[in-house]
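S.K.: The amino acid sequence is not available; the structure is as follows:
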């Protein structure tokens, strides 16, 4: 048994475990969580933001949502035995994967999805746990207002659309929006406190 009661599994974007994801992991470790952060871009290091197209192609050619979700569900089964509370937090493709994993009963206590625009391809999923969805107002690949109006009809879902572009919570990105990042962090902290304490 682990010393801590709560674990958070952090799911990266197409870039892999880059400085942003490392920073997120450090934040949750400091907050008292055990942090699990699987690397799906192995064996490489991570993709720089300037290699976005290459990272995107790599994800869909070598990883994909179904295999990522399968691996995460395997992790969740083990974490469920080891911890009182288990949470999933994903960014972009990681958020969509977290969304996919939310439909399994008694698997996870709460799911946080940052700008999971590809959730649009998985709208039929019915979450079985509380979910916090944080979207960017400006999303080049999805109609956020259409998507949120559909998702808002489901149970367990809290949706927030914040100013900025995809990636606005990442201080290492040119899309960074400090005000929206702070609002998002407040929402996430409240979500986790309400569920874990």
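M.R.: Looks like it arrived, so ask away. Quantities reported herein were computed from a predicted structural model and do not represent experimental measurements. Numbering: from 1, shown residues only.

S.K.: Spell out, range by range, the strands that occur in this protein.
M.R.: If DSSP state E is used as the criterion, the strands of the chain fall at 6-11, 34-36, 85-91, 110-114, 131-138, 157-165.

S.K.: Wait, residue 159 touches residue 127, no?
M.R.: No. Using C-beta atoms under 8 Å, residue 159 is not in contact with residue 127; the gap is 11.9 Å. C-betas here are computed from N, CA, C, even on glycine.

S.K.: Mind putting the strands of the chain into a markdown table with mean neighbour count?
M.R.: Converted to a markdown table, the strands of the chain look like this (neighbours: other C-beta atoms under 10 Å):
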| stretch | mean neighbour count |
| --- | --- |
| strand 6-11 | 25 |
| strand 34-36 | 19 |
| strand 85-91 | 26 |
| strand 110-114 | 26 |
| strand 131-138 | 22 |
| strand 157-165 | 17 |
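
S.K.: Which one of those strands lies nearest to residue 144?
M.R.: strand 131-138 (5.0 Å; C-beta to C-beta).

S.K.: other SSEs contacting that closest one?
M.R.: strand 110-114, helix 144-151, strand 157-165, helix 178-196 (3 or more C-beta pairs under 8 Å, 6 or more residues apart in numbering; DSSP states H and E).

S.K.: need those in JSON lines with distance to residue 91 and mean pLDDT, can you?
M.R.: Converted to JSON lines, the helices and strands packed on strand 131-138 look like this (distance: least, C-beta to C-beta, whole Å; pLDDT from 0 to 100):
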{"stretch": "strand 110-114", "distance to residue 91": "5", "mean pLDDT": "98"}
{"stretch": "helix 144-151", "distance to residue 91": "16", "mean pLDDT": "94"}
{"stretch": "strand 157-165", "distance to residue 91": "13", "mean pLDDT": "96"}
{"stretch": "helix 178-196", "distance to residue 91": "11", "mean pLDDT": "95"}
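
S.K.: hang on, the earlier thing: nearest to residue 68, out of the strands of the chain?
M.R.: Closest approach to residue 68 among the strands of the chain is made by strand 6-11 (7.6 Å; C-beta to C-beta).

S.K.: what angle sits between that closest one and strand 85-91?
M.R.: Angle between the axes of strand 6-11 and strand 85-91 is 20 degrees (criterion: axes from the mean of the first three to the mean of the last three C-alpha atoms, to 10 degrees).

S.K.: Please name the strands paired to strand 6-11 in the sheet, noting orientation.
M.R.: strand 34-36 (parallel), strand 85-91 (parallel) (DSSP bridges).

S.K.: Mind listing residues that contact that strand?
M.R.: Outside of strand 6-11, the residues within contact range by C-beta atoms under 8 Å, 6 or more residues apart in numbering are 21, 24-25, 28, 32-38, 68, 72, 75-76, 79, 82-91, 93-95, 97-98, 192, 196.

S.K.: now do stretch 35-42
M.R.: 7-12, 14-17, 21, 25, 28-29, 47, 55, 58-59, 63, 68, 71-72, 75, 79.

S.K.: low-confidence ranges in this structure?
M.R.: The chain contains residues with pLDDT under 70 at 1-3, 197.
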